[in-house]
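# Below: sequence and its predicted model.
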Amino acid sequence: MIDALLRAAGELPPASTQQAVGYPSLFLLVALGALVPVVPTGAIVSSAAVVAFHQAAPFTLFFVFLVSASAALLGDVALYWLGQRGVRSKNGSRWLAVLRGRAAPDRLAQAQEKLAGHQVSVLVLSRLVPAGRIPVMLACLLAGLPLRRFVRGDVPACLAWAATYGLIGILGGSLFPEPWQGVLAAVALTVLISLAPALWRRVRGSGRRGDRSGSEHA
């Protein structure tokens, strides 16, 4: 992320440094963000795509897509494997506790209900819907889904996720003449996307409380 911003500002040498430092940094940040769900990986991928778009170098965007998808898959598999160890252990584990703590009960129940007949599609959607990955992953763990089957469903999910945020970066890069402007636009859009579900739930909750209060006074 840092090297992408510096490259966008013109403070890094062109292709050689970006390839030598940018791709490994992108891989590590996305993998870490998948393993520890507090790093804004979507914004990182979109920013990298903006820089790649303005470079106009052959295959640069494809490498951003490939590195992002691979890193996301590695992080997901590592987190799922750690969660499996917690499920099998009598005392659980810290990683399983983290997953439980980040999965709202209603989201977990919805994920468990949908997982039964649509495993692959649910995994793909969980990667695209903000805050949807952890509840679905926890549902898979509690259902005893083997790691191999999880990986089969997670591969298209990570590919779709990387393509989506890469396209956001391309959009930001195409709308603004300067790379740093596209990076800011892409980051703002990814933050807005991540906050949208929480804002929607708050609006729905306020509407329901207003309806109940109106019916009580009627």
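On my side now, so go ahead.
# Low-confidence ranges, the protein, go.
Residues of the chain that meet the criterion pLDDT under 70 lie in 1-21, 58, 91-92, 117, 119, 194-218.
# Let me see the ranges of the helices in this structure.
With DSSP state H as the criterion, the chain has helices at 2-8, 15-17, 23-35, 41-55, 60-88, 94-102, 105-115, 119-128, 133-142, 147-175, 179-217.
# Of those, flag the one that's most buried.
Counting by mean count of other CB atoms under 10 Å, helix 41-55 has the highest mean neighbour count of the helices of the chain, with a mean of 27. C-beta coordinates here come from the backbone N, C-alpha and C atoms, glycine included.
# So which elements touch that helix?
Packing contacts for helix 41-55, counted by 3 or more CB pairs under 8 Å, 6 or more residues apart in numbering; DSSP states H and E, involve helix 2-8, helix 23-35, helix 60-88, helix 147-175, helix 179-217.
# Same list (the ones you listed) but as JSON lines, adding distance to Met137.
JSON lines is the format used below for the helices and strands packed on helix 41-55 (distance: least, CB to CB, whole Å):
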{"stretch": "helix 2-8", "distance to Met137": "28"}
{"stretch": "helix 23-35", "distance to Met137": "10"}
{"stretch": "helix 60-88", "distance to Met137": "6"}
{"stretch": "helix 147-175", "distance to Met137": "8"}
{"stretch": "helix 179-217", "distance to Met137": "17"}
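# For Gln110, find the nearest of these.
Of all the helices and strands packed on helix 41-55, the one in closest proximity to Gln110, counting by CB to CB, is helix 179-217 (12.3 Å).
# rewinding a little: out of the helices and strands packed on helix 41-55, flag the one nearest Leu128.
For Leu128, the closest of these is helix 147-175, at 6.1 Å, according to CB to CB.
# any idea how far that closest one is from the chain center?
Centre-to-centre, helix 147-175 and its host chain are 8 Å apart (CA atoms, centre = their mean, to the nearest Å).
# Same check on stretch 28-35?
For stretch 28-35, the distance from its own C-alpha centre to the chain's C-alpha centre is 10 Å (CA atoms, centre = their mean).
# just stretch 85-96 next, same as before
Centroid separation between stretch 85-96 and its chain, computed with CA atoms, centre = their mean, is 24 Å.
# can you give me the end-to-end distance of it?
Length of stretch 85-96, first residue to last, CA to CA, to the nearest Å: 8 Å.
# Between the helices and strands packed on helix 41-55, which one is closest to Leu138.
When these are compared by CB to CB, helix 60-88 sits nearest Leu138, at 7.3 Å.
# From the chain's centroid, how far away is the closest one?
The answer for helix 60-88 is 11 Å, by CA atoms, centre = their mean.
# What angle do helix 133-142 and that helix make with each other?
Put simply, helix 60-88 runs at 40 degrees to helix 133-142, going by axes from the mean of the first three to the mean of the last three CA atoms, to 10 degrees.
# by how many degrees do helix 60-88 and helix 119-128 diverge?
Going by the same axes, to 10 degrees, helix 60-88 makes 110 degrees with helix 119-128.
# Check which helices and strands helix 60-88 sits against.
Counting by 3+ CB pairs under 8 Å, 6+ apart, the packing neighbours recorded for helix 60-88 are helix 23-35, helix 41-55, helix 94-102, helix 133-142, helix 147-175.
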